[in-house]
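*Asks:* pasting a predicted model and its sequence here:
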Amino acid sequence: MDVTEQKYFSTIDFVLFVLLLVASMAIGLYYALSGRQQRTTREFLLADQSMKCLPLSLSLMATFQSAVAIVGTPAEVFTNGTQYWFIGCSYILGLLIPAHIFIPVFYRLHLTSAYQYLELRFCKAVRICGTITFIFQMIIYMGVGIYTPALALNAVLCPPILPLVTGFHLWGAVLATGLVCTIYTALGGLKAVIWTDVFQTVVMFAGQLAVIIVGVQQAGGLSHIWRKVIEGNRISGIEIILFKHFPYVMGSLTVSVCSESLNPDPTVRHTFWTLALGGVFLMLSLYGVNQTQVQRYLSSRTEKEAVMSCYMVFPCLQIALGLSCVMGLVMFACYSDNSPLDNQYITSKDQMVLYFIMDMLQDFSGLPGLFVACLFSASLSTISSAFSSLATVTMEDLIKPHYPSMVETRATLLSKILTFAYGLVCLVMAYVIHLMNGSVLQAALSIFGMVGGPLLGVFCLGIFFPLANSTGAVTGLVAGLVLAFWVGIGGFVTQIPSITTVRPNNCTDMAATENAIMATVTTALAPITDEPSKPVGLYALYSLSYMWYSALNSSVVILIGLIVSLITGPMKQGELVAGTVYPLMDKAQDLMQKLLRPKSCVGSREQRQIGTCQEQTNGPVRTERNTAKEEERKTFQPLSHVAYLEQETSV
Ligand SMILES: CC(C)(CO)[C@@H](O)C(=O)NCCC(=O)O
Ligand code: NA
């Protein structure tokens, strides 16, 4: 596809895109006008706490599945093979831990904002620090989220000679989506956001699936694709299993490739360890303590339903990841010999997917439009969640505490205005991100690690370590953020090529490629260090794989937090608000007993639970959700040895 034969979107493509916006808007308006018409903050920000499992799970998935993942993951698989798929392993612990630890703690404390927890557990200052960190994180992420579709569309529509008539005006599209999204979020509240997420998830899956089905056909069928990707050595992961069990199958591969996935070196960008283990911390920061998700858990009708929805995210995420990986492989089969990036038809690998669609599928009228709708669905569902959560924390954490007597209608109106304001901020951020460069997937995941990581650390410090005090929490958070930006920006500025697993066409090339990479690294470091093959000192720190950012930063917050707490005088159990600490040790003991003596222990455990519940009559047992928040707050009294959450948390 060169510039002269450039195809533009047909009318039907354009119509599909407009339909997406109209449908989303309609859902928003429906919830603005139905029910109690969004008159209370509980209805506007917590969807009246009436949500069920299925919409919640789709919405939970859609929140962090933006156009970034839709265009970024196939591009990653195209360039580096299916190694990225290992992140799917991190979903297991990354969802089980939120389901059984974070959800029970937050749900039973009757929160609206996750950062309220920080005040209950520590003090007001920690809460404010947490809120501001979150706002910072989401504003940057929102910019990446809304800008990515524009970047992708640039691949096929730049320069738009006669925009609007023949093509699709980029910034027009960004502006349109930004405004539509702001309006339906501001009018319909969280309920509208969740139900549009459901609709948009369906569009997202439909778009990807349609493109894959037609793409497989166009690329020459499944067997042809399989041969191509095997030749191109793009399948990683199964190589370990195959090599172990069927060495003859992998006869042509050398051990150097086979051990690559399991390389323990934390500076290698993607390995099984960075993705499956580092990914757990990333998932915890997103699905455990991020306000967008916590808000969804809290909006569910019952705690059990919240836990179930978290479980349901697992298959949804796996499908999304699977589709993206397959898309990357199909693209590889089409362009392995003739990469549009090498031919400079496109300027960024994130434009690959859109290029593929316009190049291979342009004759299928409506398909490009469906995919563009898919792309924008993914982004809309993300930025609407961001608007809603940002309005919530600004209202609950920054404004309401100063005006405790504010009437509900005024608070709700103010929340709507806040949503609108964040919509405008988002548009500005889109432009700021436009001025930057780089892989959008890595950018988004790095932000999650750099800002979300320290936040995860503070929550873990509070939930798992009864001795941690407020001074420790603030110091830890600040130290974590400083380290995060130091390592993050250091890695970015020094541009040490974090060693990428380049996948050559056959194994004999492997050593040569590795040498080439090493040569690059050595050249880059030559003036600074004598060590030829490995970055040392600070440079080793800067070259840490971005997938470890969450783990590193949250651990540092916990470590510094504990040390400072011990120095300044640890929290006494009597000072803890009931239900803010998760009794990890007790639970582990329980589990051990259960595993060792399954039958006799179940009964005794239940008896113990009943005993605890009676003992804990003052504790936050969630029975009547409709009681006013202030009333509930009074029930939090410091309890001595039962200042823990001691209820059945399994589904
Ligand atoms: C965050 C995960 C790993 C899981 O939700 C995935 O959806 C992803 O890679 N997201 C990238 C960020 C984005 O799509 O906005
Ligand atoms: Na999304």
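*Replies:* Noted; the coordinates are in hand. Predicted model, so just to flag it, every value in this text is computed and none were measured. Ligands and ions are numbered 1, 2, ... in the order given.
*Asks:* the bottom helix or strand of this structure by mean pLDDT?
*Replies:* Least confident helix or strand of the chain, by mean pLDDT, DSSP states H and E, is helix 508-525 with a mean of 38.
*Asks:* low-confidence ranges in the protein?
*Replies:* Within the chain, the segments meeting pLDDT under 70 span 1-8, 36-37, 155-169, 237-259, 437-438, 495-534, 598-651.
*Asks:* get me the contact residues on the chain for ligand 1.
*Replies:* Contacts of the chain with ligand 1, taken as C-beta under 6 Å from any ligand atom, map to 64-66, 68-69, 87, 145, 286, 317, 382, 441, 444. Any C-beta I mention is one placed from the backbone N, CA and C, and that applies to glycine too.
*Asks:* state the pair within those residues that is farthest apart.
*Replies:* 87 and 145 (18.6 Å; C-beta to C-beta).
*Asks:* looking at the two, which is more packed in?
*Replies:* Neighbour count, other C-beta atoms under 10 Å: between residue 87 and residue 145, residue 145 has more, with 28 against 23.
*Asks:* check contacts around the more buried one.
*Replies:* Residues in contact with residue 145 (C-beta atoms under 8 Å, 6 or more residues apart in numbering) are 66-68, 379, 382-383, 386, 444.
*Asks:* what about the helices in the stretch 401-550 of the chain?
*Replies:* Secondary structure of the stretch 401-550 of the chain (DSSP state H, counting those that start in this stretch): helices located at 408-434, 440-447, 453-464, 470-494, 508-525, 537-542, 549-568.
*Asks:* next, count neighbours for the closest residue to residue 379 other than its chain neighbours.
*Replies:* In space, and not counting its chain neighbours, residue 379 is closest to residue 67: 4.5 Å by C-beta to C-beta, 6 or more residues apart in numbering. Residues lying near residue 67 (other C-beta under 10 Å) number 30.
*Asks:* could you do residue 263 as well?
*Replies:* Using other C-beta under 10 Å, residue 263 has 16 neighbouring residues.
*Asks:* surely it is in contact with residue 271?
*Replies:* Yes: taking C-beta atoms under 8 Å as the definition, residue 263 is a contact partner of residue 271 at 5.0 Å.
*Asks:* wait, residue 206 sits on residue 378?
*Replies:* No: with contacts counted by C-beta under 8 Å, residue 206 stays clear of residue 378, the gap being 11.9 Å.
*Asks:* and the two? which has more neighbours close in?
*Replies:* Remark: of residue 206 and residue 378, residue 378 carries more neighbours, 27 against 15, as counted by other C-beta under 10 Å.
*Asks:* secondary structure class for residue 339?
*Replies:* For residue 339, the assignment made with DSSP: H, G, I helix; E, B strand; the rest coil gives coil.
*Asks:* gap between residue 17 and residue 149?
*Replies:* Residue 17 sits 10 Å away from residue 149, going by C-beta to C-beta, to the nearest Å.
*Asks:* kindly report the same for residue 490.
*Replies:* Taking C-beta to C-beta as the measure, residue 490 falls 30 Å from residue 149.
*Asks:* quick one, which of those two is more surrounded?
*Replies:* Counted by other C-beta under 10 Å, residue 490 and residue 149 do not tie: residue 149 has more neighbours, with 28 against 16.
*Asks:* quick check: that one vs residue 9, distance?
*Replies:* From residue 149 across to residue 9, the span is 13 Å (C-beta to C-beta).
*Asks:* quick one, what contacts the nearest residue to residue 494 once chain neighbours are set aside?
*Replies:* Distances taken as C-beta to C-beta, 6+ apart put residue 542 closest to residue 494, at 5.2 Å, once the chain neighbours are dropped. For residue 542, the contact set (C-beta under 8 Å, 6+ apart) comprises 487, 490-491, 494, 496, 535.
*Asks:* kindly list the main-chain dihedrals of residue 577?
*Replies:* phi -80, psi 130 (degrees, to the nearest 10).
*Asks:* that one: neighbouring residues, count only.
*Replies:* Counted with other C-beta under 10 Å, the neighbours of residue 577 add up to 20.
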